[in-house]
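J.: next comes the sequence, and after it the predicted model I'd like to discuss.
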Amino acid sequence: MKLHELRDNPGATKPRKRIGRGPGSGTGKTGGRGIKGQKSRSGVAIKGYEGGQMPLYQRLPKRGFNKPNPKKYAVVNLGLIQKFIDAGKLDAGSAITEDTLVASGLVRRKLDGVRVLAKGELSAKLDLHVTGASKSAVAAVEKAGGSLTVTTAQAAA
């Protein structure tokens with residue numbers, strides 16, 4: 001076998017259907033759309049339409065509520081904070097604020113504040129000042145001998 005003899009197995013590839021290219025093509029005139037009606041015309045979108053019957057998505061009961069302006073927090077895990085302290089990017093001796101976390105590169109941007117979660121191990125004694133924290137994160141910081149202050153006052157960003 002030579003390079004120029006390579007080809008797909010018979011039936012593996014089909015030629016592209018060229019719609020609306022004259023009567024000789026087999027898909028000329030109406031182009032496979034049938035005759036008349038909404039679907040034969042261009043610019044038609046009838047996704048959930050059921051011919052005038054009440055559509056399924058309107059018949060089903062609705063539950064819950066989606067807040068139009070939810071708070072978005074930048075999430076930080078304690079394990080990551082420890083990793084940055086070990087790498088020397090954060091100073092455990094001084095107070096760690098949201099601005100310090102952004103400056104170190106641990107948090108990209110504050111959004112509506114920084115929330116600390118308890119994933120990972122923490123061994124350093126920290127003084128953290130953040131917008132939010134889980135109960136287990138507060139417990140983990142205090143167990144390591146540090147303090148975690150949750151500030152409620154939002155700074156205008």
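T.: On my side now, so go ahead.
J.: which residues in this structure form strands?
T.: Listed in chain order, the strands of the chain (DSSP state E) span 74-77, 96-97, 114-117, 127-130, 132-133, 147-150.
J.: the third one pairs with which strands, parallel or anti?
T.: Just to be clear, that refers to strand 114-117. strand 74-77 (parallel), strand 132-133 (parallel) (DSSP bridges).
J.: ok so, going back, tabulate the strands of the chain in TSV, adding columns for distance to residue 23, mean neighbour count and mean pLDDT.
T.: C-beta here means a position set from N, CA and C on the backbone, and glycine is covered the same way. Output for the strands of the chain, formatted as TSV (distance: least, CB to CB, whole Å; neighbours: other CB atoms under 10 Å; pLDDT from 0 to 100):
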stretch	distance to residue 23	mean neighbour count	mean pLDDT
strand 74-77	63	18	91
strand 96-97	76	20	86
strand 114-117	67	23	90
strand 127-130	72	20	88
strand 132-133	69	20	88
strand 147-150	75	15	85
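J.: okay, those strands in TSV with distance to residue 4 next?
T.: Output for the strands of the chain, formatted as TSV (distance: least, CB to CB, whole Å):
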stretch	distance to residue 4
strand 74-77	58
strand 96-97	68
strand 114-117	61
strand 127-130	67
strand 132-133	67
strand 147-150	72
